[in-house]
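Undergrad: I'd like to go over a predicted model; first the sequence, then the structure.
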Amino acid sequence: MTNGPASSDEGAPARGTGRAVVLGLLAAAVLVAAVAGAFVVGRQTAPGPRIVVAPGPVVEESPAASSLPVSGVVPSNGPTRPSLQVPTVSSPSPAIFSPAVDLADTPGVASGYRLTRGQVDGDSFARSVAGTFGVTGDVGRTLTGWQVGDPSDAASSSLVVTDNPLVTWQFADRAAAADSSVGVAVPAQQALEVATALLGSLGVDVAAVDMQVDRFADRTRVTAWQKVNGARTQLSWTVGLGRAGAVVSASGFAAGLVEIPGYPVVGAATAVRRASLPTWAVLGPRTLDAAQSSAEPTPSARPTLNASGRPALRVPMSDVVVTGAELALAQFWQPDGDLLILPAYRLTGDDGSQWSLIAVTGDDVSFIDVPYPSATPPAP
């Protein structure tokens with residue numbers, strides 16, 4: 001398959017440009033917005049490295065807010081608006097979709113979001129964040145980024161910054177974590193107060209996130225999820241608390257989301273019909289029902305026989321007639337950690353099922369050939 005844009009769709013409006021509004025606050029001494037006139041969201045939010053928590057059951061967990069759908073694809077950074085490059089290796093949806101006769105099919109235009117590192121200087125960023133957590137020592141350059149302190153020293157604290165698209169960072173205080181191993185989980189309200197004050201000192205707009213508290217037997221974790229259009233993304237800060245509210249770990253990143261207006265979108269009926277094509281099928285629809293995605297067929301004691309009396313293969317498949325569609329957003333990750341949040345339809349089937357389906361036109365998607373990820377690579 002030749003690299004290039006996907007088959008064009010009708011009704012593609014003109015491309016747009018950014019507009020200047022800032023949602024996520026920055027630590028001004030550390031970060032500078034790189035995209036002039038851009039809409040920047042949560043400059044220090046991130047799906048950072050998971051914090052280490054003591055083994056044991058979760059004794060309390062705050063309810064989760066709604067989340068944007070997520071998928072793994074490979075985007076390409078274009079000069080005006082990023083376009084998707086989609087590997088042609090994926091799992092097909094276990095359903096056949098068709099639009100209802102009265103499903104709307106009006107094309108339009110909508111905004112998406114992309115990650116930007118801005119003008120982040122890794123050395124200065126590491127020094128600033130280390131100072132916030134009280135990590136002493138010089139900033140050292142590593143093969144993958146920067147660090148302050150020795151991550152292998154069990155008696156000290158450290159900060160590690162990774163030079164990736166998100167500029168992820170992770171703080172750990174191993175001495176405090178060891179002292180907290182026989183502690184008692186911090187009450188949820190106290191954990192929120194500590195985490196809010198800490199994240200605020202890092203420049204996080206704590207009013208623009210969705211806070212979640214998970215209490216373990218002897219450890220408490222606070223996660224601040226970045227929101228876009230009122231829904232959680234997979235971007236977050238985490239703060240781990242031990243005995244007496246001591247901060248034993250934290251993580252995040254220095255990149256942000258820039259709004260990219262001007263994505264042409266196809267009508268809902270067109271998007272549904274397009275999803276049956278061999279290429280577009282790798283993009284969905286993706287189920288929004290966790291129970292549905294994990295459901296397994298009920299085994300039968302007796303095989304189904306064909307007309308000749310032989311056991312016939314039975315393939316679970318659903319026929320879904322899409323009766324409703326609402327334009328929303330979905331997250332698309334690429335293997336190196338970059339992220340696009342793009343216009344996508346939230347579909348409703350005639351059986352009540354909920355699905356997410358990409359809505360942008362073929363001008364913003366290209367399908368690329370990639371080697372199949374076999375368990376055993378061929379010999380050279």
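TA: Looks like it came in fine.
Undergrad: please make it C-alpha for all contacts and neighbour counts, starting now.
TA: Will do.
Undergrad: so which bits of stretch 344-357 are buried?
TA: By 16 or more other C-alpha atoms under 10 Å, the buried positions in stretch 344-357 come out as A344, Y345, R346, L347, T348, G349, Q354, W355, S356, L357.
Undergrad: correction: the previous question concerned stretch 264-283.
TA: 264-272, 274-276, 279-283.
Undergrad: what's the offset of that stretch from the middle of its chain?
TA: Averaging C-alpha positions (C-alpha atoms, centre = their mean, to the nearest Å) puts stretch 264-283 22 Å from its chain's average.
Undergrad: which of the buried residues of stretch 344-357 sit farthest apart?
TA: Greatest spatial distance in the buried residues of stretch 344-357: A344 and G349, 15.6 Å, computed using C-alpha to C-alpha.
Undergrad: which helix or strand contains G203?
TA: Assigned by DSSP states H and E, G203 belongs to neither a helix nor a strand.
Undergrad: just give me the neighbour total for it.
TA: The local packing of G203 (other C-alpha atoms under 10 Å) involves 19 other residues.
Undergrad: distance of it from W237?
TA: Note on G203: its distance to W237, by C-alpha to C-alpha, to the nearest Å, is 12 Å.
Undergrad: quick one, helices of the stretch 251-380 of the chain?
TA: For the stretch 251-380 of the chain, the helices defined by DSSP state H, counting those that start in this stretch occupy 268-274, 290-294.
Undergrad: what pLDDT, on average, does the last one get?
TA: Spelled out, it's helix 290-294. Averaging pLDDT along helix 290-294 gives 54.
Undergrad: how close does I358 sit to G108?
TA: 14 Å.
Undergrad: these two - which one has more neighbours?
TA: I358 (27 against 17).
Undergrad: kindly state the beta-bridge partners for the more buried one.
TA: Bridge pairing for I358 (DSSP bridges) gives the partners A344.
Undergrad: wait, it touches R346, no?
TA: No. Counting by C-alpha atoms under 8 Å, I358 stays clear of R346, with 9.0 Å between them.
Undergrad: my read: G337 touches D163, true?
TA: No. At 11.0 Å, G337 does not count as touching D163 under the criterion of C-alpha under 8 Å.
Undergrad: where does the prediction get shaky in the stretch 101-250 of the chain?
TA: 181-183 (pLDDT under 70).
Undergrad: where exactly do the strands run in it?
TA: In the stretch 101-250 of the chain, the strands defined using DSSP state E, counting those that start in this stretch lie at 108-116, 139-141, 145-148, 157-162, 168-173, 209-216, 220-228, 231-241, 247-253.
Undergrad: list the contacts for A271?
TA: Contact partners of A271, counting by C-alpha atoms under 8 Å, 6 or more residues apart in numbering, are L357, I358, A359.
Undergrad: for the last one, grab the count of nearby residues.
TA: Using other C-alpha under 10 Å, A359 has 28 neighbouring residues.
Undergrad: quick check: Q334 vs P285, distance?
TA: To P285, Q334 is 18 Å away according to C-alpha to C-alpha.
Undergrad: which of the two has more neighbours?
TA: Set Q334 next to P285 and count neighbours by other C-alpha under 10 Å: P285 wins out with 27 against 18.
Undergrad: the more buried one - nearest residue in space that isn't next to it in sequence?
TA: By the measure of C-alpha to C-alpha, 6 or more residues apart in numbering, the closest residue to P285 outside its immediate chain neighbours is L357, 4.6 Å from it.
Undergrad: need the contact list for the one you found.
TA: L357 is in contact with A271, V272, L283, G284, P285, R286, A344, Y345, R346, L347, counting by C-alpha under 8 Å, 6+ apart.
Undergrad: my guess is the second one meets I96, correct?
TA: No. Shown here, V272 and I96 do not form a contact pair, counting by C-alpha under 8 Å, at 9.8 Å.
Undergrad: most centrally placed residue in this structure?
TA: Q234 (3.5 Å; C-alpha atoms, centre = their mean).
Undergrad: restricted to strands, list the buried residues of stretch 344-357.
TA: If you go by DSSP state E, the buried residues of stretch 344-357 have A344, Y345, R346, L347, T348, G349, Q354, W355, S356, L357 in strands.
Undergrad: among those residues, which one lies nearest to V222?
TA: The shortest gap between V222 and any of those belongs to S356, at 28.6 Å (C-alpha to C-alpha).
Undergrad: quick one: the closest one from F171, how far?
TA: Using C-alpha to C-alpha, S356 is found at 35 Å from F171.
Undergrad: for Q147, same thing?
TA: Plainly put, Q147 is 10 Å away from F171 if you go by C-alpha to C-alpha.
Undergrad: give the contact list for V239.
TA: I51, A195, R221, V222, T223, V247, V248, S249, A250, S251.
Undergrad: including neighbour count and distance to D364, could those residues go into CSV?
TA: Rendered in CSV, the data for the contacts of V239 read as follows (neighbours: other C-alpha atoms under 10 Å; distance: C-alpha to C-alpha, whole Å):
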residue, neighbour count, distance to D364
I51, 17, 36
A195, 27, 39
R221, 29, 39
V222, 24, 37
T223, 22, 33
V247, 24, 44
V248, 28, 43
S249, 26, 40
A250, 28, 36
S251, 26, 33
